[in-house]
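Trainee: Output the structure for:
(one chain, ligands or ions: 1)
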Amino acid sequence: MKGVRTRAAICRSVTQRLHSAATIFLAGIAVCSAANGRPRAPRPTVSHCQGCRITDRRRRCLPDAIMQSFFKRISISVSTSALITLAVGLSLTALCYASARQIESESTRLLLQYHASGHTLRAAMLPANGMSLDANHRGSLYVLLGGLLSSLLATAYVFQLVSRNSVIARITGERTAALQFANLRLSEDIAARMHTEKSLRLRERIIEVSANAIILCSADAPGYLIEYVNPAFERITGYAAGEVIGQRLEDLQGPEQGRQDMHEITAALREQREGKAIVRNFRKDGSCYWSELFVAPVRDDGDGPVSHFVVAQYDISTVMRFEQELEFQARHDILTGLANRALLRERLEQAMAVTRRSGLPLWVVFIDLDRFKFVNDTLGHDAGDTVLKNVAERLRDATREVDTVARLGGDEFVLLLPQHGNGEPGAAILQRIQDAVAQPLQLGEYEFFLSCCMGVAVYPDDGQDADTLIKHADIAMYRAKEQGRGHWQFYASSMNAGTLERLGLESELRHALERGQFHLEYQPQLDLASGKVVGMEALLRWQHPQLGRIAPASFIGLAEEMGLIIPIGDWVLRTACAQARAWQLAGHGPLRLAVNLSARQFKQRNLLHAVAQALAETGLAAAHLELELTESMVMHDVEQATAIMANLKALGVQLSIDDFGTGYSSLAYLRHFPIDVLKIDKTFVSDITHDDDAAIVRAIISLAHSLRLKVIAEGVETPQQLAFLRQHGCDQMQGYLFSRPLTVSAFEALLHEGSMLAAA
Ligand SMILES: Nc1nc2c(ncn2[C@@H]2O[C@H](COP(=O)(O)O[C@H]3[C@@H](O)[C@H](n4cnc5c(=O)[nH]c(N)nc54)O[C@@H]3COP(=O)(O)O)[C@@H](O)[C@H]2O)c(=O)[nH]1
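Mentor: Down below sits the predicted model:
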């Protein structure tokens, strides 16, 4: 029984091995087919595998997964799968055949042993009658043949399966790729559509929030009915969208249909093209505003027929206002609002054209306020502005609608008075203007009584063009000023020459200092006893590039009037002090420098500071500087002059009274002034041989000496004059007899030569 059990056990063991091999074989087939081509989902169940508990259809059994993964990794082809199957089949066949042979020989050996031990076997257990061991061996051959056949069949099956799978995989791949491509296209389409929608929404939003009015109207002529307006349109015009949608575009032009400024827009609509224009629009309340209008056709599908027009309105009211303001400012005086020179000239041209046709004269009246500078200087510019604005108002009130009132600047006004049939203008209007200006004017706590001078030039007699007429009226006014406050004067050609020269000189003088046209000359002053040069007088010279040398007598007074003498005088003082110091340092001894002061300079508040600064800057000792004052300067306000002179003396400078004898000659006051030198005017010196002048010169010398003042005579031209002066004890002299005023280099040469006065 043991042998039977053993045989049964061997059979079971072989069967189990066969089963396991078959399982692996079938699993291999499955994996081969799966591994060949694209990865695929695991088979839902592997019924051959008893070791695996299939709880999830998706879950693969372990060997299957391993095989799949293996084949997938090595990525075998259809033929390789078939070859593997065949190899596995053949191996199993060989295994089965070997097992069958082993069983066969084992069972034969057991039967022979059993038989040899005297047992009888049941017929069934013996080899069949007539059956030899070869016949028994045939079973093994059948197993072999069966195995071979099965292997071939399995191989064919695998080959067919794997081929089909690969075709399916290819088709699936192709379809999947196509689907993916289609999917991609679809995604792109969706993205593009979303982008388009987004940008459309954005554009819509832009139109909605635009600060400019936008209108969409139909392209159907002639109505061009409005289909859309944005909120800005509603805000600007005051119309609600509902009130204008469906209305004709031209209704927005308000009452003024067919206006000139809309021609370009209507032409653009008609010709279906772009167009733009600056037009006047009307709001719902009827008020007007300026806008820049752009119209552009909108075509269906970009290049189809024009279906709509879009009209954009830019509100340019502010720009227009600003432009108008600028234009106003360019032609008006900002302070008073009156016409300025440009507009005056323009109006004058027009008025002359009218006058040429009518033959009636036209007056140009130049007005200058009296004492305006005083108001400005004492009460400040705000008060000055108030005066000017008041005068402007009064001039406007005193003239007619047809007249023009202009302000040229400062306190200069010009009136254009055309004559009409009623007889104006005439002298009466000039009086009316004087009266208007003369009305009292309250400035803070002060009441002012203004007056003005006027000059009148008449077209066509006094000038043929605007500039000439204005200039001649100015000349006439200047002559009126010479007569005193509140005068007027008609132009006469005889006034021209002198005044024109003066006007020209004025404008040149304004720039002479900055253009470096001034220089100084120095006239030696000599001691009559020793005959030596003891000092020099600095004299200003103006060398104009076109006008040549201009005499001080021609421009000092003008500079004084214009207030330019202050900066000019400062320059003279600093330049002369620097030069005197340079000569001293060059070893020419302690020369005294005489510098002329003008009346304005004398009264300027910071004279003391200017003098002190000039001395400090140049290093000249105060004792070497002599300031020449005139009698009129000091006699005008004795108290004030005395105080100023005291301050100057405190600085250490010397003071002299120039041109003595020509003015007040108040000898009584002379004692009170802290002066050092009296300078006899050259007019007395020139006539010194006449008894009267000789007596005056003698008296001046004697008086000066009694006051312990030095005396210097100027304008000494002859030896007789010199002799007279020496004879009567005059201390010093200057004049052409010894030397004219000299340039710096000429004066230096004179010093080097050591020139002296001839002894008496
Ligand atoms: N406030 C300032 N006044 C100045 C300054 N420079 C000059 N002046 C004044 O201008 C007036 C004319 O001066 P000018 O033409 O220079 O004449 C001076 C001399 O050249 C002239 N002079 C000198 N000697 C003679 C002479 O023998 N004969 C003659 N005919 N003339 C002569 O006298 C003028 C000097 O005058 P004065 O100043 O009075 O000594 C004149 O009033 C100048 O003061 C300046 O910088 N500032």
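Trainee: Which positions in the stretch 451-600 of the chain make contact with the ligand?
Mentor: Within the stretch 451-600 of the chain, the residues that sit near the ligand (Cβ under 6 Å from any ligand atom) are Gln523, Glu537, Leu539, Leu540, Ala551, Pro552, Ala553, Ile556, Val572, Asn596, Ser598. Placement of C-beta: from N, CA and C, glycine included.
Trainee: do that again at 8 Å, thanks
Mentor: Neighbours of the ligand within the stretch 451-600 of the chain, by Cβ under 8 Å from any ligand atom: 520-521, 523, 537-541, 551-553, 556, 560, 565, 568-569, 572, 594-598.
Trainee: Now, of those residues, which are buried?
Mentor: Using 16 or more other Cβ atoms under 10 Å as the burial test, those include 520-521, 523, 537-540, 556, 560, 565, 568-569, 572, 594-598 as buried.
Trainee: Which ones among the residues you listed map onto helices?
Mentor: If you go by DSSP state H, those have Ile556, Glu560, Ile565, Ile568, Gly569, Val572 in helices.
Trainee: Could you find which two of those residues are furthest from each other?
Mentor: Using Cβ to Cβ, these span at most 13.2 Å, a distance reached by Glu560 and Val572.
Trainee: Which neighbours do these two have in common?
Mentor: Common neighbours of Glu560 and Val572, counting by Cβ atoms under 8 Å, 6 or more residues apart in numbering, are absent.
Trainee: Okay, strands next: where are they in the stretch 201-350 of the chain?
Mentor: 213-218, 226-229, 275-282, 288-299, 306-315 (DSSP state E, counting those that start in this stretch).
Trainee: got a list of what whatever residue of the stretch 101-250 of the chain ends up closest to the ligand touches?
Mentor: Closest contact between the stretch 101-250 of the chain and the ligand, by Cβ to the nearest ligand atom, is at Ala211 (66.3 Å). Shown in contact with Ala211 (Cβ under 8 Å, 6+ apart): Ala232.
Trainee: Now do the helix or strand containing Ala436, average pLDDT.
Mentor: Ala436 belongs to helix 427-438 when elements are defined using DSSP states H and E. Mean pLDDT, helix 427-438: 90.
Trainee: Now the longest helix anywhere in the chain: average pLDDT?
Mentor: Criterion DSSP H: the longest helix present in the chain is helix 133-209. The average pLDDT within helix 133-209 is 82.
Trainee: Can you tell me which helices and strands it packs against?
Mentor: Judged by 3 or more Cβ pairs under 8 Å, 6 or more residues apart in numbering; DSSP states H and E, the packing partners of helix 133-209 are helix 2-35, helix 78-116.
Trainee: Quick one: distance of the last one to the chain centre.
Mentor: What separates the centre of helix 78-116 from the centre of its chain is 105 Å, taken as Cα atoms, centre = their mean, to the nearest Å.
Trainee: For Arg235, see how far away the residue of the stretch 101-250 of the chain closest to the ligand is.
Mentor: Distance from Ala211 to Arg235, counting by Cβ to Cβ, to the nearest Å: 9 Å.
Trainee: who touches both of these two?
Mentor: Joint contacts of Ala211 and Arg235 (Cβ under 8 Å, 6+ apart) do not exist.
Trainee: which residues touch the residue nearest to Met320 when sequence neighbours are not counted?
Mentor: Excluding the flanking residues, the one nearest Met320 by Cβ to Cβ, 6 or more residues apart in numbering is Trp290, at 4.3 Å. By Cβ under 8 Å, 6+ apart, the contact set of Trp290 is Ile278, Val279, Arg280, Asn281, Asp315, Ile316, Ser317, Val319, Met320.
Trainee: Nearest to Met262 among those?
Mentor: Closest approach between the contacts of Trp290 and Met262, by Cβ to Cβ: Val279, at 5.8 Å.
Trainee: Tell me the bridge partners for the closest one.
Mentor: Val279 has these beta-bridge partners by DSSP bridges: Ser291.
Trainee: what about this protein, any weak spots by pLDDT?
Mentor: Within the chain, the stretches with pLDDT under 70 are 1-78, 114-115, 118-136, 254-260, 377-378, 420-425, 499-500, 662-668.
Trainee: Closest residue of the stretch 351-500 of the chain to the ligand?
Mentor: Among the residues of the stretch 351-500 of the chain, Gly498 lies closest to the ligand, at 19.4 Å counting by Cβ to the nearest ligand atom.
Trainee: Is that residue part of a helix or strand, or is it coil?
Mentor: Judged by DSSP: H, G, I helix; E, B strand; the rest coil, the three-state class of Gly498 is helix.
Trainee: okay, now it: neighbour count?
Mentor: Close neighbours of Gly498, defined as other Cβ atoms under 10 Å, add up to 12.
Trainee: hmm, back to that, spell out for me the PyMOL command that would select the buried members of the contacts of Trp290.
Mentor: Those of the contacts of Trp290 that count as buried under 16+ other Cβ under 10 Å are selected in PyMOL with:
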select buried, resi 279+280+281+315+316+320
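Trainee: for the contacts of Trp290, which one is nearest Gln654?
Mentor: Val319 (68.3 Å).
Trainee: List the contacts of that closest one.
Mentor: So Val319 contacts Trp290 (Cβ under 8 Å, 6+ apart).
Trainee: Next one: Ser291 from Glu227, what distance?
Mentor: Using Cβ to Cβ, Ser291 is found at 20 Å from Glu227.
Trainee: Name the residue in those two with the higher neighbour count.
Mentor: Each of Ser291 and Glu227 has its neighbours counted (other Cβ under 10 Å); Ser291 has more, 21 against 14.
Trainee: Next, work out how far apart the more buried one and the ligand are.
Mentor: Using Cβ to the nearest ligand atom, to the nearest Å, Ser291 is found at 65 Å from the ligand.
Trainee: my read: that residue touches Ile316, true?
Mentor: Yes - using Cβ atoms under 8 Å, Ser291 is in contact with Ile316, at 6.0 Å.
Trainee: Identify the contacts common to these two.
Mentor: Counting by Cβ under 8 Å, 6+ apart, the shared contacts of Ser291 and Ile316 are Ile278.
Trainee: sorry, back to before: quick one: which of the ones in helices among the buried ones among the residues of the stretch 451-600 of the chain next to the ligand is nearest Thr399?
Mentor: Of all those, Glu560 has the smallest distance to Thr399: 35.5 Å, by Cβ to Cβ.
Trainee: so what's that closest one up against?
Mentor: Residues near Glu560 by Cβ under 8 Å, 6+ apart: Ser598, Ala599, Arg600.
Trainee: The last one: what's it in contact with?
Mentor: Yep, that's Arg600 we're talking about. Residues in contact with Arg600 (Cβ under 8 Å, 6+ apart) are Glu560, Gly563, Ile565, Ile566, Gly569.
Trainee: ditto for the first one
Mentor: Counting by Cβ under 8 Å, 6+ apart, Ser598 touches Ile556, Ala559, Glu560, Ile565, Gly569.
Trainee: Tell me the one among those nearest to Gly715.
Mentor: For these, the residue nearest Gly715 by Cβ to Cβ is Ile556; the value is 17.3 Å.
Trainee: thought the closest one was touching Leu540?
Mentor: Yes - the pair Ile556 / Leu540 is scored as a contact, 7.2 Å apart, by Cβ under 8 Å.
Trainee: any idea what sits nearest Ala641, other than its immediate chain neighbours?
Mentor: Val634 (4.0 Å).
Trainee: buried stuff in the helix or strand hosting that neighbour?
Mentor: Taking DSSP H and E as the criterion, Val634 maps to helix 631-636. For helix 631-636, a neighbour-count test (16+ other Cβ under 10 Å) marks Glu631, Met633, Val634, Met635 as buried.
Trainee: Understood, closing this out.
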